[in-house]
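Undergrad: Coordinates only, no sequence provided:
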DNA sequence: ATAAAATATTTCAAGCTTAAAGTTTCATAT
DNA sequence: ATATGAAACTTTAAGCTTGAAATATTTTAT
């Protein structure tokens, strides 16, 4: 899956396989770097950052299932991460009147302030790590990645 | 990190951030799909597939540290995965004469045969999942991804 | 009204992952 | 020869992840 420097043998369809391998290696390498910096500079983890990022853009809060769908991870996974964020005081669960199965999850004031600092650093890191990609190439790459997604994603 | 449909606000450097988000979402979506298919069709996992893929291309075997470096995961991680593959009978550790700290890890005959079947299916899946990307775009994307890597990767 | 089905979430077991600490073996310098 | 350090690997603790089972609540059908 993360086949590396060694070349993929040529043949029909091999270009897509090679692309996938590059894609995966790129994202894993960047992810590892981000994880390390989040740990060192903010004593947090990537999954927690992800959850906080999602909540930061939803001041009214999100349901657990919204988070799960949005972050592309399982329900049970979100439960654990939110539990830890709550115990850290950066996230709160608010019971809802309408439906007692659900609760709105949102950042606390402290969480919001804390995330703002992380987001600024994060954007700087990405700029650094992807520095070799020109803004124009970045836009083109983004376009290609967006289009191929629609083929099969979200077909449940 | 996996910010989704919602747009990243515009501004200097935002194109790279948007690219990173797309990149991550794409690889996570594809990874999830592959994981599911590997589980259903071959009763195995992505990490095990990764290790077997690496070993398949190294008939003479690999050291644990080679695997770790190649797969971009930690040493301890590889230990656990190889342990499980050994207990499944698809991988073997061979003691070396020269250095008693190390052992060569390689696929057994059964492992090699088993991986060949998985690899064929895997390539088909990638072709399907990335079907919307033309072969030419795939080559161009691969090129871009390869180039940006050299900026900072492997600078220890 | 009541049963059945659907929805939202949590719990659980197994496995993956990392960073840090520990063990064994090898290489190097006295 | 012996100590010192380096290298290869494993172990450990904490956290992440999934899929499946369990719980609680709401909705739908009778």
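TA: Right, received. Where do you want to start? What you are looking at is a predicted structure, and each value in this text was computed from that prediction instead of being measured.

Undergrad: CA atoms for contacts and neighbours, from now on please.
TA: Will do.

Undergrad: what about the residue nearest to the spatial centre of chain A, helix or strand, and which?
TA: Among the residues of chain A, the one closest to the centroid is residue A:50, at 4.8 Å (Cα atoms, centre = their mean). Take DSSP states H and E as the rule and residue A:50 turns out to sit in helix A:46-56.

Undergrad: so how far is residue B:66 from the residue nearest to the centre of chain A?
TA: 31 Å (Cα to Cα, to the nearest Å).

Undergrad: Tell me which stretches of chain A form strands.
TA: Here chain A has its strands, by DSSP state E, at A:91-95, A:103-107.

Undergrad: Minimum distance to DNA strand C: which of these has it?
TA: Closest of these to DNA strand C is strand A:103-107, at 5.0 Å (criterion: Cα to the nearest atom of the strand).

Undergrad: Would you mind listing the buried residues in stretch A:115-122?
TA: By neighbour count on 16 or more other Cα atoms under 10 Å in any protein chain shown, the buried set for stretch A:115-122 is A:115, A:118, A:119, A:121, A:122.

Undergrad: what pLDDT does residue A:154 get?
TA: As predicted, residue A:154 sits at a pLDDT of 44.

Undergrad: that older thread, take the strands of chain A and write them to TSV, including mean pLDDT, mean neighbour count and distance to DNA strand D.
TA: Putting the strands of chain A into TSV (pLDDT from 0 to 100; neighbours: other Cα atoms under 10 Å in any protein chain shown; distance: least, Cα to the nearest atom of the strand, whole Å) gives the following:
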stretch	mean pLDDT	mean neighbour count	distance to DNA strand D
strand A:91-95	94	18	10
strand A:103-107	97	22	11
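
Undergrad: Export the ones you listed to CSV and append columns for distance to DNA strand C.
TA: Putting the strands of chain A into CSV (distance: least, Cα to the nearest atom of the strand, whole Å) gives the following:
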stretch, distance to DNA strand C
strand A:91-95, 8
strand A:103-107, 5
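
Undergrad: which residues does residue A:27 contact?
TA: Residue A:27 is in contact with B:23, B:24, B:27, counting by Cα atoms under 8 Å, 6 or more residues apart in numbering or on different chains.

Undergrad: measure the second one to DNA strand C for me?
TA: When distances are taken as Cα to the nearest atom of the strand, to the nearest Å, residue B:24 and DNA strand C turn out to be 15 Å apart.

Undergrad: Next, count neighbours for that residue.
TA: Neighbourhood size, residue B:24 [other Cα atoms under 10 Å in any protein chain shown]: 23.

Undergrad: Could you tell me how far stretch A:138-148 lies from the centre of the chain?
TA: 17 Å (Cα atoms, centre = their mean, to the nearest Å).

Undergrad: Give me the contact list for the lowest-mean-pLDDT helix or strand in chain A.
TA: Between all helices and strands in chain A, the lowest mean by mean pLDDT, DSSP states H and E belongs to helix A:135-149, at a mean of 82. For helix A:135-149, the external contacting residues (Cα under 8 Å, 6+ apart) are B:13, B:15-16, B:18-19, B:22-23, B:26, B:130-133, B:137, B:141, B:144.

Undergrad: got the angle for the helix ranked longest in chain A vs helix B:135-149?
TA: Determined from DSSP state H, the single longest helix within chain A is helix A:14-42. Between helix A:14-42 and helix B:135-149, the angle comes out at 30 degrees (axes from the mean of the first three to the mean of the last three Cα atoms, to 10 degrees).

Undergrad: If we go by neighbour counts, what in helix A:14-42 is buried?
TA: Buried, per 16+ other Cα under 10 Å, within helix A:14-42: A:14-31, A:33-38.
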